[in-house]
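Undergrad: here is a sequence together with a model predicted from it:
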Amino acid sequence: MHTMASSSSSSCLKLDTVFSSTIFKLKRSNATANFNMVSPKNPSFSALSSSSMFSSKLPFFNTSHSHSLPIKASSSSSTAVAEPEGIKVNSVPTKPIEGQKTGTSGLRKKVKVFMEENYLANWIQALFNSLPPEDYKNGLLVLGGDGRYFNKEAAQIIIKIAAGNGVGKILVGKEGILSTPAVSAVIRKQKANGGFIMSASHNPGGPEYDWGIKFNYNSGQPAPESITDKIYGNTLSITEIKMADIPDVDLSRLGVTKYGSFSVEVVDPVSDYLELMENVFDFDLIKSLLSRANFRFIFDAMHAVTGAYAKPIFVDKLGASADSILNGVPLEDFGHGHPDPNLTYAKDLVNIMYGANGPDFGAASDGDGDRNMILGKGFFVTPSDSVAVIAANAQAIPYFKSGPKGLARSMPTSGALDRVAAKLNLPFFEVPTGWKFFGNLMDAGKLSVCGEESFGTGSDHIREKDGIWAVLAWLSIIAHRNKDKKPGEKLVSVSDVVKEHWATYGRNFFSRYDYEECESEGANKMIAYLRDLISKSKPGDKYGHYALRFADDFTYTDPVDGSVASKQGVRFVFTDGSRIIFRLSGTGSAGATVRMYIEQFEPDASKHELDAQTALKPLIDLALSVSKLKDFTGREKPTVIT
């Protein structure tokens with residue numbers, strides 16, 4: 001964000017200042033302390049934070065970063081506007097910026113785009129312009145993120161615009177850290193009006209890579225399309241940013257800082273979330289498993305946000321050894337890695353689990369902590385199977401002592417969960433990709449356990465998918481199955497649990513092919529071609545050895561509020577239950593990611609040990625042929641296969 005200054009120059013100004021020491025009182029439930037907040041002398045990349053709007057050297061403060069980024073001055077001057085008690089608020093002139101329409105989960109772009117003049121500020125102000133005043137005026141909002149590059153600067157911008165728009169208080173995680181599930185948990189526990197999540201999820205971080213922002217509502221769920229559509233509309237007509245004239249907040253210190261009627265509280269990012277996990281799971285049961293001499297556990301935080309949670313939960317509370325945590329320090333660039341927990345990007349963990357002396361249980365989580373991957377010794381659990389196994393074994397988790405209320409999956413996710421719902425006689429829902437669609441069902445008391453094939457699994461304990469929750473759920477299942485095993489006795493393994501599940505329910509062979517950063521034009525032409533193809537299709541049409549049951553572009557009518565989501569993915573469903581599906585992902589930051597899903601049900605237990613790629617090869621070949629994917633995208637092979 002670049003603040004508007006009173007200057008006709010369009011050149012970049014380097015702004016130096018020192019914020020003189022000021023005493024602030026820290027208020028916590030168990031302690032009170034005084035400290036001095038002193039700004040560093042380096043220029044910061046931050047929102048307007050000081051007195052004179054008409055000075056050629058404007059004071060900017062950043063107590064936590066030293067990126068020393070240039071600030072572009074504006075040709076328009078700012079003016080004071082109506083303000084909360086004790087705070088000066090400046091009206092910063094701005095104009096619309098193209099390309100600010102949110103995708104499946106917020107606005108995601110390259111970080112350099114967000115660092116352009118007013119880019120982030122415009123979107124944040126457009127959000128406040130889109131919300132009913134009662135949803136934020138004098139209210140409480142939560143702010144956190146995954147620790148990626150630019151989060152600390154962005155946090156200061158968001159805090160100042162929130163104050164400028166009349167928010168009463170912001171709760172922000174220390175150093176700007178709060179995982180996506182933790183933000184949802186904090187919103188719900190603290191009865192906040194909503195919260196901001198600074199993350200591009202599983203996408204890479206750093207100066208050359210990705211950044212993102214999304215808003216969650218008061219149940220902790222991602223904002224519905226009715227709000228995100230309004231935000232986009234307001235980005236097209238925005239003329240001013242309401243910016244509180246306050247200094248940057250020191251995000252490195254726990255405590256409360258007050259500015260007139262507005263306050264910011266820096267909180268421990270783990271405590272509320274950990275308390276919730278202790279209420280959901282039987283920690284003593286899990287601890288009994290992790291303490292066994294013949295059980296080895298490993299968790300890869302991928303230098304992402306769950307590094308802040310892994311030691312307090314797995315080591316300090318559950319007794320896992322400290323060396324069971326890999327890449328446990330959150331880094332702004334995720335250690336130059338791609339924090340996406342799948343077989344391609346979590347290759348180090350995969351190699352360990354498939355090694356000669358691999359651990360018994362392995363798991364990983366992504367950039368913002370909402371995705372997960374589960375592995376046994378030499379065994380990969382697909383996300384589609386994972387949610388089905390959790391639902392079928394929910395009795396191992398105290399939170400579900402009365403049984404799940406209902407089950408749901410995203411449309412591209414395999415039908416494994418459907419079979420569990422049918423056998424257990426539970427309500428079942430198929431929704432579009434995007435966790436917000438689960439939220440309405442949860443709030444209406446219709447849904448307990450749900451998942452997406454994109455490595456997202458969760459329940460109604462919060463309103464986001466939850467990576468650590470999924471790991472704890474699996475540890476609970478393994479611990480429950482082994483609770484009566486004597487020391488040294490052979491344990492029931494991850495692969496044992498999954499294979500027994502297949503024997504009971506049948507196996508849904510499933511795979512997803514991702515073609516990342518395709519040229520948007522070719523990808524869109526492919527989807528248009530497929531839509532034209534399905535418009536001409538009819539039941540019984542032959543596709544190789546397969547007969548068509550139906551083909552459509554998935555449309556979902558929400559059973560709670562009646563809202564309709566259309567064009568959610570082109571699918572071909574065959575008479576034997578096999579499916580091929582195509583959709584464009586809404587979670588990337590550049591170009592288009594084409595996703596192709598292939599699924600085939602196999603009831604014959606003698607064939608369950610087949611490799612998924614072998615079992616699905618005829619369908620994969622058919623999908624590539626039907627879609628003409630290579631012709632439209634020029635891609636010979638996928639970026640990622642899961």
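TA: That came in fine, so what should we check first?

Undergrad: neighbours of residue 563, how many?
TA: 13 (other Cβ atoms under 10 Å). C-betas here are computed from N, CA, C, even on glycine.

Undergrad: got the contact list for it?
TA: Contacts of residue 563 were listed using Cβ atoms under 8 Å, 6 or more residues apart in numbering, and they are 224-226, 557.

Undergrad: what of residue 595?
TA: By Cβ under 8 Å, 6+ apart, residue 595 lies in contact with 412, 512-515, 582-585.

Undergrad: look up phi and psi at it.
TA: Phi and psi for residue 595, reported as degrees, to the nearest 10, are phi -120, psi 130.

Undergrad: just list whatever residues bridge to it.
TA: With DSSP bridges as the criterion, residue 595 is bridged to residue 514, residue 583.

Undergrad: in what helix or strand does residue 355 lie?
TA: Counting by DSSP states H and E, there is no helix or strand that carries residue 355.

Undergrad: returning to what we had before: ok, so of the contacts of residue 563, who is nearest residue 307?
TA: Comparing the contacts of residue 563 against residue 307 with Cβ to Cβ picks out residue 224 as the nearest, at 31.3 Å.

Undergrad: from what I can see that closest one touches residue 437, true?
TA: No. With contact defined as Cβ atoms under 8 Å, residue 224 does not reach residue 437; the gap is 9.3 Å.

Undergrad: more neighbours, these two?
TA: It is residue 437, of residue 224 and residue 437, that has more neighbours when counted by other Cβ under 10 Å, with 26 against 16.

Undergrad: point me to the helix or strand that includes that one.
TA: Judged by DSSP H and E, residue 437 forms part of helix 436-443.

Undergrad: so what touches that helix?
TA: 219, 221-225, 406, 408, 410, 429, 431, 447-448, 450, 458, 460, 463, 556, 558-561, 565.

Undergrad: with stretch 417-424 instead?
TA: Residues outside stretch 417-424 that contact it (Cβ under 8 Å, 6+ apart) are 384, 387-388, 391-392, 403-404, 406-409, 426-428, 430, 451, 504-506, 508.

Undergrad: tell me which residues in that stretch are buried?
TA: 417-421 (16 or more other Cβ atoms under 10 Å).

Undergrad: nearest to residue 124 among those residues?
TA: residue 417 (37.0 Å).

Undergrad: I'd like the distance from the helix or strand residue 257 falls within to the chain centre, please.
TA: Under the criterion DSSP H and E, the helix or strand holding residue 257 is strand 255-259. The chain centre lies 29 Å from the centre of strand 255-259; the measure is Cα atoms, centre = their mean, to the nearest Å.

Undergrad: re earlier: so which of the contacts of helix 436-443 sit within helices?
TA: residue 225 (DSSP state H).

Undergrad: narrow the contacts of helix 436-443 to those that are buried.
TA: 219, 221-224, 406, 408, 410, 429, 431, 447-448, 450, 458, 460, 463, 556, 558, 565.

Undergrad: re the thing from before, could the buried residues of stretch 417-424 go into a markdown table alongside distance to residue 544?
TA: Shown next, in a markdown table, are the buried residues of stretch 417-424 (distance: Cβ to Cβ, whole Å):
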| residue | distance to residue 544 |
| --- | --- |
| 417 | 28 |
| 418 | 25 |
| 419 | 26 |
| 420 | 30 |
| 421 | 31 |
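
Undergrad: how many neighbours does residue 528 have?
TA: A count of nearby residues for residue 528, using other Cβ under 10 Å, gives 12.

Undergrad: which stretches of the stretch 451-600 of the chain have low pLDDT?
TA: Counting by pLDDT under 70, the stretch 451-600 of the chain shows low-confidence ranges at 586-590.

Undergrad: for the stretch 451-600 of the chain, just list every one of the helices.
TA: 467-481, 494-505, 520-535 (DSSP state H, counting those that start in this stretch).
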